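Peer 1: here is my input; please provide its structure:
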Amino acid sequence: MKINSIRPAAIILGVAVALAACGKKEEAPPPVVTPAPAPAPVETAPTPPPAPESVTFAGLTLGNAIGADQNVTTPMTTFAPNDTIYAAVATKGAAANAAIVAKWTFGDGQLVDESSQSIAPTGGAVTTFHIAKPDGWPVGKYKIDVTIDGNPVASQGFEVK
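Peer 2: Numbers count the residues shown, from 1 in each chain. Down below sits the predicted model:
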């Protein structure tokens, strides 16, 4: 009877070992750390092309004399008949080529003189125009109109007394 009593004991022991093995928890594997994806390359906007070169009007001064810097020494709007009349046109900006035109008129628009100068400034500049009449200017009202590259930028009246 020994064999019969060992067999049930062996079966119980086998079942107990099997249950113990099944109930045992294994350690969970460590979590897998995935590195953050590298940031996508940031596309920068292309550098805009440089602004077109341009010359802008900064001022118009009339007088009967200019200094070494081409500026009018004493601004005035009334002249003597024998004066040489200067117009100093101040500009700012840069351009490879800009055309400044000065148109001088008398009375009701009678043309006295029209002249043009091409400039290539790299910053502030003064361009000087002048009119002279050795036998004297007629007394009356005059006007100068200035354009830069065909665009009107200034108009100033003056008088000869």
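Peer 1: hey, let's count contacts and neighbours off CA atoms from now on
Peer 2: Fine.
Peer 1: against Asn82, how distant is the residue nearest to Lys161 when sequence neighbours are not counted?
Peer 2: Excluding the flanking residues, the one nearest Lys161 by C-alpha to C-alpha, 6 or more residues apart in numbering is Val139, at 5.1 Å. Using C-alpha to C-alpha, to the nearest Å, Val139 is found at 11 Å from Asn82.
Peer 1: who touches both of the two?
Peer 2: The overlap between the contact sets of Val139 and Asn82 (C-alpha atoms under 8 Å, 6 or more residues apart in numbering) is empty.
Peer 1: ok now do Asn71, which residues does it touch?
Peer 2: Counting by C-alpha under 8 Å, 6+ apart, Asn71 has contacts 61, 88, 126, 128.
Peer 1: 6 Å instead, please
Peer 2: Ala88 (C-alpha atoms under 6 Å, 6 or more residues apart in numbering).
Peer 1: just the pLDDT at it, thanks.
Peer 2: The per-residue pLDDT reported for Asn71 equals 96.
Peer 1: what pLDDT is listed against the residue nearest to Ala96 when sequence neighbours are not counted?
Peer 2: With C-alpha to C-alpha, 6+ apart as the criterion, Ala96 has its nearest non-adjacent residue at 4.9 Å, and that residue is Ala120. On the pLDDT scale, Ala120 is placed at 94.
Peer 1: you'd agree Ala88 is up against Ile144?
Peer 2: No: look at Ala88 against Ile144 with C-alpha atoms under 6 Å: they stay out of range, at 11.3 Å.
Peer 1: the residue nearest to Lys161 contacts Glu159, doesn't it?
Peer 2: No: counting by C-alpha under 6 Å, Val139 does not reach Glu159; the two are 7.5 Å apart.
Peer 1: who has more neighbours out of those two?
Peer 2: Higher neighbour count among Val139 and Glu159: Glu159, with 18 against 14, using other C-alpha atoms under 10 Å.
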